[in-house]
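S.K.: sequence first, predicted model second:
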Amino acid sequence: TSKRLQDRKALLKSFDATREIIDNNGVGDAMDQFTREAFEMVAGDSARNAFDISQEDEATRDRYGRNSFGQNILLARRLVEHGVTVASVRVTGPSWDDHRDLVKRMRQKAIPYDRAFAALVEDLHARGLDKKVMVVAMGEFGRTPKFNKNAGRDHWGRVMSVALAGGNIKTGQVIGSSDAEGGSPVDAPYRPENVLAMLYRHLGIDPSTTFLDHSGRPRYILERRELIIELI
């Protein structure tokens, strides 16, 4: 809560008072600046405004859907409008791990999901943010081509789908295809790493960037870093 955050700030200030007595090398001043910036990021006016979705009109909130996922998507849009670089929204509510009763469960989840996703893309275009913001909707893996005995589908690593919007990419297309059963890729078999390469590119990060691991050896941030050429 805001009160707990203020209490912690007061406690930190008391520690700072003691530290100032023994700190003569300027390190404390630098830490104070980091602390002020971090506190402003969490509890400043800009953050409070960004998180306050009550500032949105009723029609907009209805358009996103009066459910946790829809309102969280709306919040993500507000965050990027206030300068947040990356906003991640986890789909809450009923589990999407549909090992049983798939058709019934999808009727409960797909409509709110589609509604919120469409509202977000529409708003990004209307506000001139469609080139700046890339929207990525994806999970960890696909589902088995055939139903199991419980009328659900199990985990499947060979084929999955990802939805991308905005980000100054070539949209309005379907890239790649699977076989008739949806069990194996037929053409344009891209991998999750290729999606990450597109994300890094959008963020201005070279996918071939390296870092040193714990043993001092250079590692690429992505071992497979080919871009999805159809999107460029």
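M.R.: The structure has been received and is ready for your questions.
S.K.: for the chain, which segments count as helices?
M.R.: 2-22, 27-43, 45-51, 58-64, 68-81, 102-126, 192-202 (DSSP state H).
S.K.: from Met198, how far off is Ile229?
M.R.: 10 Å (CB to CB, to the nearest Å). Glycine gets a C-beta too; all of them are placed from N, C-alpha and C.
S.K.: higher neighbour count, the two?
M.R.: Shown here are Ile229 and Met198; by other CB atoms under 10 Å, Met198 has more neighbours (23 against 11).
S.K.: need the contact list for that one.
M.R.: With contact set as CB atoms under 8 Å, 6 or more residues apart in numbering, Met198 has these partners: Met134, Leu164, Gly167, Ile169, Leu227, Ile228, Leu231.
S.K.: which one of those residues sits closest to Arg107?
M.R.: Distance to Arg107, by CB to CB, is smallest for Leu164 among the contacts of Met198, at 25.2 Å.
S.K.: partners of the closest one in the sheet?
M.R.: Note on Leu164: beta-bridge partners Val136, judged by DSSP bridges.
S.K.: so who does Leu74 touch?
M.R.: Leu74 touches Ile53, Glu56, Thr60, Arg61, Tyr64, Ala116, Ala119, Leu120, counting by CB under 8 Å, 6+ apart.
S.K.: apart from its chain neighbours, what residue comes closest to the residue nearest the centre of the chain?
M.R.: By CA atoms, centre = their mean, the chain has its centre lying nearest to Ser88, at 2.6 Å. With CB to CB, 6 or more residues apart in numbering as the criterion, Ser88 has its nearest non-adjacent residue at 8.0 Å, and that residue is Ala76.
S.K.: so Ser177 sits against Pro189, correct?
M.R.: No. Look at Ser177 against Pro189 with CB atoms under 8 Å: they stay out of range, at 9.7 Å.
S.K.: separation between Leu199 and Ile221?
M.R.: Counting by CB to CB - Leu199 and Ile221 are separated by 11 Å.
S.K.: and what of Lys149?
M.R.: 42 Å.
S.K.: and those two? Which one has more around it.
M.R.: Between Lys149 and Ile221, Ile221 has the larger neighbour count (other CB under 10 Å), namely 15 against 6.
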